[in-house]
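Novice: Please work out how this folds:
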Amino acid sequence: MTGFCGLVSAAYQYRNLRGSGLNYPISDGFLVGLLAGFMMSSIILSVVTAAMNTIIVGMAESPDEFKANHPKLSKRMTKSWNKAEENADNLTVVEDVEDDEEGYAVM
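Specialist: Alright, predicted model coming up:
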């Protein structure tokens, strides 16, 4: 999206950018917008990742305190972990998978 915004902005200012010495102002505008968007999304997602890691580490290091401070989240995480642990024992390798009418995999 930001690459497209850079492209539109460069196309709008084509004459000014061309006169400043840029050989390909539209593609340069797209690349600048793309890089700016990538950097902004990286910053935002690193905050989300840090928050997720904080919750997981809090649950792993002191589950009792985590349960006391966040009972609903603790219950959901414990339930999910137990369910994942049950399913881990039943893992099998599926070589041939067919799709149903809606395109979902059926075993």
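Novice: which other helices and strands contact the one helix or strand residue 85 maps to?
Specialist: Secondary structure from DSSP states H and E places residue 85 in helix 71-89. Counting contacts by 3 or more CB pairs under 8 Å, 6 or more residues apart in numbering; DSSP states H and E, helix 71-89 packs against helix 25-61, helix 63-69. No exception for glycine: its C-beta is placed from N, CA and C like everyone else's.
Novice: pLDDT weak spots in this protein?
Specialist: 4, 7, 11-26, 88-107 (pLDDT under 70).
Novice: switch the cut-off to 80
Specialist: The model of the chain has pLDDT under 80 over residues 1-32, 81, 84-107.
Novice: before we move on, the earlier item: how about the helices and strands packed on helix 71-89, which one is nearest residue 87?
Specialist: Residue 87 lies closest to helix 25-61 among the helices and strands packed on helix 71-89, at 18.9 Å (CB to CB).
Novice: Around residue 3, how many other residues sit close by?
Specialist: Residue neighbour count, defined by other CB atoms under 10 Å, stands at 17 for residue 3.
Novice: swap in residue 59?
Specialist: 18.
Novice: In space, what's closest to it - neighbours in sequence excluded?
Specialist: Nearest non-adjacent residue to residue 59, counting by CB to CB, 6 or more residues apart in numbering: residue 66, 5.0 Å away.
Novice: Hmm, that neighbour is touching residue 58, no?
Specialist: Yes - if you go by CB atoms under 8 Å, residue 66 and residue 58 touch, sitting 5.0 Å apart.
Novice: follow-up on the earlier one: which one of the helices and strands packed on helix 71-89 lies nearest to residue 1?
Specialist: With CB to CB as the yardstick, what comes closest out of these is helix 25-61 (6.5 Å).
Novice: I'm done for today, thanks for sticking with me.
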